[in-house]
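A.B. asks: Have a look at this fold, sequence not included:
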């Protein structure tokens, strides 16, 4: 385990994690968990969104939306649980898990809409909405994984967009992928594990939604020409993956349950742990 403190994050240029966390009294962290068996067959990087609480920042959430935001770290919890289970199972796959942890707080030191931040690796992002913060911390972790870890494949897990709940409801997770085989493997693993996934498209025609007049990228679309908030969020993340095989699981709809139903109890669901374990232990 390695944990980057605030000073180390600043020295190494993790600008997204720092920007999101700068409004909180609890400073941000990046956590790296490594599981490296000697007979590993491949190297997989898992990235988890670890927003420990999400007020929306200065782009403040309504109260009804905010009261569930203690589970905005569900993606991070998923990848931590997966690493622990793989070690206990003695799985033959090398895993590096990255937890990008910040609290998106509302305060006088919080980042502002219109700020331009520099992500890990040097790309600049215009922050048009501070409530689109998960993609900023994830971008740092993905860019670091691409530059420093040389993975065979990257998978990120995040309660990223409310829009995915509109598209798929509360029982089906979304998978976006740059690789057809990876998308099929994850979808099949989800079916076997009882955690259904539906593949969503990365529509290239929507890429202009990320354009900014003052930075390399904008974190959300300025205006409503394209819409499709979950797709444009996934396109944003893809910019930081270095064209490696990559999949993004948007679990905003399935990461928490509002009732006791089936094998789920009300509250956090742990969605993604079972399907990722099924996928990772197949080979």
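C.D. replies: Ah, there it is. Note that the structure is predicted; figures quoted are calculated from it, not measured.
A.B. asks: pretty sure residue 155 is touching residue 185, no?
C.D. replies: No. Contact between residue 155 and residue 185 fails when scored by Cβ atoms under 8 Å: they sit 10.3 Å apart. Where C-beta positions appear, they are placed from N, C-alpha and C, glycine not excepted.
A.B. asks: can you tell me which residues contact the residue most central in space within the chain?
C.D. replies: Centroid-nearest residue in the chain: residue 158, 3.6 Å away (criterion: Cα atoms, centre = their mean). When contacts are counted by Cβ atoms under 8 Å, 6 or more residues apart in numbering, residue 158 is found next to 48, 49, 75, 134, 138, 248, 249, 250, 251, 252.
A.B. asks: which ones are touching residue 182?
C.D. replies: Residues in contact with residue 182 (Cβ under 8 Å, 6+ apart) are 153, 155, 245, 246, 247.
A.B. asks: sorry, back to before: neighbour-wise, which of residue 155 and residue 185 wins?
C.D. replies: For residue 155 versus residue 185, the count of surrounding residues by other Cβ atoms under 10 Å is larger for residue 155: 25 against 18.
A.B. asks: what lines up beside the strand or helix carrying that one in the sheet?
C.D. replies: Taking DSSP states H and E as the definition, residue 155 sits inside strand 153-158. The strands beside strand 153-158 in its sheet (DSSP bridges) come out as strand 43-54 (parallel), strand 246-250 (parallel).
A.B. asks: Make JSON lines from those strands and add distance to residue 175, mean pLDDT and mean neighbour count to it.
C.D. replies: Output for the strands paired with strand 153-158, formatted as JSON lines (distance: least, Cβ to Cβ, whole Å; pLDDT from 0 to 100; neighbours: other Cβ atoms under 10 Å):
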{"stretch": "strand 43-54", "distance to residue 175": "14", "mean pLDDT": "98", "mean neighbour count": "26"}
{"stretch": "strand 246-250", "distance to residue 175": "6", "mean pLDDT": "98", "mean neighbour count": "28"}
